[in-house]
Structure formats: C-alpha cells, structure tokens
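*Asks:* please work out how this folds:
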Amino acid sequence: MTLLQTAPSATAPSATSLEEAGLTLPDPDRAAGRRFDIRPAVRQKVSLLLGLAGPSGSGKTYSALRLAAGIARVAGGEVVVIDTENRRAQHYADQFKFQHIDFAPPYGPLDYLGALQTAERTRPACIVIDSLSHEHDGEGGTLDCVTAELDRLAGADTSLQQKLAAAAWRKPKAARRALLSGLLRVESHVIVCIRANERTRMAREAVATEPVELGLTPVAAPEILFELTCSALLKAGAHGVPTWSSQLQGEHGAIKLPRQFAEVFKDKKPLEESHGEQLARWAAGEALSTPLKRKHRRRTA
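*Replies:* Numbers count the residues shown, from 1 in each chain. Below is the predicted model of the structure:
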C-alpha cells in the first residue's frame, strides 16, 4: 500500500506565528519604514541618454555633434565634448561650436565619472562622450581593472585565478555602477559614441561547423546599453544614415528605437539638427506630432 503525501496548504502566516518569529505583518501604507503613494502618472522633464554605435568611419562623431547642436537650440546652453579619441573631435571645431575635454588614459569608470562631473559643472545643454568604449576595453578600462584585481588577489597562480575570477569583478563592477548612476542622474542631455566591431561566435549546434555572424556588436557594458533612451547603429559608408532594424543578434544591442521616436526617424536620412531638436522637445515634456490617420472615403458609383 502506497501512502500519498500531500503538501501542506499554502496559507498566509498568522499574526501570532509571525510575532513568535520576531516578525510583524507590514502596514499597507508603510513597508520597511518607507511610505508609498499612488498618484496619476504625468509626463515630466527628463534628460536624454542617446547612443550612437558603429565602426570607425561611420560618422559617429559628426552625427553626435549635429544632434547635440539641435538639442542645444531647444535646451539652451553649450555643448561639451569629452574626447577619448586623441582630440579627434576638434577636427570639427570649424563646423560646430563646443567646449572640449581632452580625456587621456587611464579610462576607468571613475575617470569617466570625473570627466562627466567636470562637464556637468558648466551646466551645458548636451555632453558628448566620444567614445564610451574605452571604459570597457581601453587602457585602464574595466577589463584592465579586472585583470589588475585578479593579479592582486591570485598573483601568477592560474588555478587560483580561475577560482577568484568572479571576485575580481567586484570592485570594477562597483565603479561601473557609480558611472552608470552618474549618467542617469546628470541634468544635461548626454550622447555617447560607442565603437562596434564585426563579431562571430561558434554555433551551439553540435553538427554546425560554420561560425554564426553576430554583426556589428557594441563595445560597451550591457547594463549601460540597457539604460539608453534611444540608440542608433551607424554602418560604415552609410554617411550618418542610421540602421533601425537588423536580423543579426549582435546588432540588437546597438539599436533601440522606442515607439515615441518612430515618427522622428521615419525618413531614411542622416542624423541632423532637426532630430536633436525634436528629441529635446520631447524631453522637455512636449508631445511629438504624430501623422493624421487617413480617412478611407467610400467610393460611390
């Protein structure tokens, strides 16, 4: 004879049992000493965090400066460029008016945060970071910081390095979180240029022999890509015309077009000042114009 065991019913714990365990039922209006209010949702002024990803020569810097110029027309104030590309942004100093920060190595997350805070002190309309990719794999960037931390923890012991690989990421990740927090809290609008490289990976299927093409993959932390308000992929030779859709897995992280911006970028043309103006107006709380729906008239004989 087989005895069937039944799981105890999932009932809410009683106030008495919680009290005996040293716990109390939460007050509906307060939880962990905090008060939560419910209010009607309203559109408020926000700061833009825009991304432009692409390979060398795709027009990231020029496109970023055009967008920033349009944003400045609406928001008021100057444009500040944080330049990690050996002062390459100054090649456009005769076409655009902007302040310039020459950002040399090391490129650790806290170095980026310091440059961002320096730019923010001038209360600019827009800050352009060209490029953010050095934070990931540049000299003194996060990957270098992880390697240095692993050497500190494990030395040359390869076996110990494998065991402590996760621990080596703690400090660099904390520094990166501080940078991300700074990017999200800055009052100025921010445009980040991101390098993208062609990548492949081995197929997961055991029978497959050919590598899988991932396409132009952004060189940046996924957690930063996730927080972008909008992000465009610029391909080589496109002259600043963004790509907004792709079947390649690696390019998905470089493309982010929220529904509210679809009308802004409906035309296939290079990124320009008018795009920046529309984005800035939306960020200020304005409703972007939407096309009127065509009314289908009934034909009469």
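
*Asks:* tell me where the protein has helices.
*Replies:* For the chain, the helices defined by DSSP state H cover 15-20, 60-75, 109-120, 134-137, 142-154, 158-163, 170-185, 222-226, 273-283.

*Asks:* select, out of the ones you listed, the one closest to A89.
*Replies:* Among the helices of the chain, helix 60-75 comes nearest to A89, with 5.7 Å by CB to CB. Yep, even glycine has a C-beta here, placed from its N, CA and C like the rest.

*Asks:* buried residues, the closest one. List them.
*Replies:* 60-72, 74-75 (16 or more other CB atoms under 10 Å).

*Asks:* reformat the helices of the chain as TSV; add distance to A53 and mean pLDDT.
*Replies:* Output for these, formatted as TSV (distance: least, CB to CB, whole Å; pLDDT from 0 to 100):
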stretch	distance to A53	mean pLDDT
helix 15-20	51	66
helix 60-75	8	98
helix 109-120	17	98
helix 134-137	12	97
helix 142-154	18	95
helix 158-163	32	91
helix 170-185	16	97
helix 222-226	8	96
helix 273-283	16	97
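
*Asks:* out of the ones you listed, which comes closest to T200?
*Replies:* helix 134-137 (17.7 Å).

*Asks:* buried stuff in that closest one?
*Replies:* 134-136.

*Asks:* what's the span of stretch 144-164 from first residue to last?
*Replies:* 16 Å (CA to CA, to the nearest Å).

*Asks:* now stretch 133-142
*Replies:* With CA to CA applied, stretch 133-142 spans 10 Å between its terminal residues.

*Asks:* what's in contact with that stretch?
*Replies:* Under the criterion CB atoms under 8 Å, 6 or more residues apart in numbering, residues 84, 105-109, 111-112, 143-144, 172, 175-176, 179, 194-195, 218-221 lie in contact with stretch 133-142.

*Asks:* please apply the same query to stretch 102-114.
*Replies:* Contacts of stretch 102-114 (CB under 8 Å, 6+ apart): 82-84, 87, 115, 129, 132, 134-135, 138-142, 144-145, 172, 175-176, 178-179, 182.

*Asks:* what's around the closest residue to W169 other than its chain neighbours, how many residues?
*Replies:* Excluding the flanking residues, the one nearest W169 by CB to CB, 6 or more residues apart in numbering is V146, at 5.7 Å. With neighbours defined by other CB atoms under 10 Å, the count for V146 comes to 17.

*Asks:* and the gap between V146 and E187?
*Replies:* Distance of V146 to E187, computed by CB to CB, to the nearest Å: 31 Å.

*Asks:* likewise L271?
*Replies:* For L271, the distance to E187 (CB to CB) stands at 23 Å.

*Asks:* who's more crowded, those two?
*Replies:* Applying other CB under 10 Å to L271 and E187 shows that L271 carries more neighbours, namely 24 against 10.

*Asks:* how far away is that one from L214?
*Replies:* Counting by CB to CB, the gap from L271 to L214 is 24 Å.

*Asks:* next one: Q90
*Replies:* Taking CB to CB, one finds Q90 at 33 Å from L214.

*Asks:* more neighbours: these two, which one.
*Replies:* Legend: neighbour count by other CB under 10 Å for Q90 and L214, higher for L214 (17 against 14).

*Asks:* nearest spatial neighbour of the more buried one, skipping sequence neighbours?
*Replies:* Spatial nearest neighbour of L214, excluding adjacent residues (CB to CB, 6+ apart): G250 at 3.1 Å.

*Asks:* the one you found contacts G215, doesn't it?
*Replies:* Yes. If you go by CB atoms under 8 Å, G250 and G215 touch, sitting 4.6 Å apart.

*Asks:* any shared contact partners between those two?
*Replies:* Joint contacts of G250 and G215 (CB under 8 Å, 6+ apart) are R199.

*Asks:* what pLDDT does the residue nearest to T217 when sequence neighbours are not counted get?
*Replies:* Computed as CB to CB, 6+ apart, the closest residue to T217 that is not its neighbour in sequence is G250, at 3.5 Å. G250 is assigned a predicted lDDT (pLDDT) of 93.

*Asks:* go on, H91?
*Replies:* 97.

*Asks:* how many residues are close by it?
*Replies:* Counted with other CB under 10 Å, H91 comes out at 11.

*Asks:* how far away is it from V146?
*Replies:* 33 Å.

*Asks:* and the top strand by length along the chain, what's buried?
*Replies:* Taking DSSP state E as the criterion, the chain has its longest strand at strand 189-201. Along strand 189-201, these residues count as buried under the neighbour rule (16+ other CB under 10 Å): 189-196, 199.

*Asks:* what is that strand packed up against?
*Replies:* Here strand 189-201 touches strand 49-54, helix 60-75, strand 126-130, strand 212-218, going by 3 or more CB pairs under 8 Å, 6 or more residues apart in numbering; DSSP states H and E.
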